[in-house]
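Enquirer: just coords:
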């Protein structure tokens, strides 16, 4: 299975995230791990969150790589990252402008929080 096929499978599973009660989240994580993805549990949960809460971003923008996810987490809180991704998701007028979720998220985080650090 190629990396792209694994990511597609992860996104397919994650798109059903809202269909599962919280106590079954671990089942989803195990399914993803069974795909031999090898990502950390925190990153897998993040990818599932993006697929469930920002489906346009998950499907149409280059996903945030695991190493880039942890770079963001070094500088910003999970709440700040989530808020920015949701804002990107909801800006229908700018959708065709962006192609890379990491670069877009990083740019928006810098614009929003550079003076509050």
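Expert: Sure, I can see it. Only a predicted model underlies this, so the values are computations on that prediction, with no experimental measurement involved. Residues are numbered from 1 along each chain as shown.

Enquirer: low-confidence ranges in the protein?
Expert: 1-3, 6-7, 9-39, 115-117 (pLDDT under 70).

Enquirer: What segments of it are strands?
Expert: Secondary structure of the chain (DSSP state E): no strands located.

Enquirer: show me where it has helices.
Expert: In the chain, the helices defined using DSSP state H lie at 3-14, 25-34, 41-53, 55-60, 66-75, 78-90, 101-113.

Enquirer: Now do the same contact list for residue 97.
Expert: Contacts for residue 97 (Cβ atoms under 8 Å, 6 or more residues apart in numbering) come out as none. Where C-beta positions appear, they are placed from N, C-alpha and C, glycine not excepted.

Enquirer: and if you look at residue 57?
Expert: Residue 57 sits next to 50, 85, 88, 89, 101 when contact means Cβ under 8 Å, 6+ apart.

Enquirer: could those go into TSV alongside neighbour count and distance to residue 66?
Expert: Formatted as TSV, the contacts of residue 57 follow (neighbours: other Cβ atoms under 10 Å; distance: Cβ to Cβ, whole Å):
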residue	neighbour count	distance to residue 66
50	26	13
85	24	16
88	20	19
89	18	21
101	22	13
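
Enquirer: Could you point out which of those residues is nearest to residue 77?
Expert: When these are ranked by distance to residue 77 (Cβ to Cβ), residue 85 comes first, at 12.8 Å.

Enquirer: So the closest one sits against residue 54, correct?
Expert: Yes. When contacts are counted by Cβ atoms under 8 Å, residue 85 is listed as touching residue 54 (5.2 Å).

Enquirer: Could you tell me which residues touch both of those two?
Expert: Common neighbours of residue 85 and residue 54, counting by Cβ under 8 Å, 6+ apart, are absent.

Enquirer: Please report how far residue 100 lies from residue 41.
Expert: Distance of residue 100 to residue 41, computed by Cβ to Cβ, to the nearest Å: 24 Å.

Enquirer: Looking at the two now, which is surrounded by more residues?
Expert: A direct count of neighbours by other Cβ atoms under 10 Å for residue 100 and residue 41 places residue 100 higher, at 14 against 11.

Enquirer: Not including adjacent chain positions, what is the nearest residue to the more buried one?
Expert: Nearest residue to residue 100 in three dimensions, chain neighbours excluded: residue 62, at 4.5 Å (Cβ to Cβ, 6 or more residues apart in numbering).
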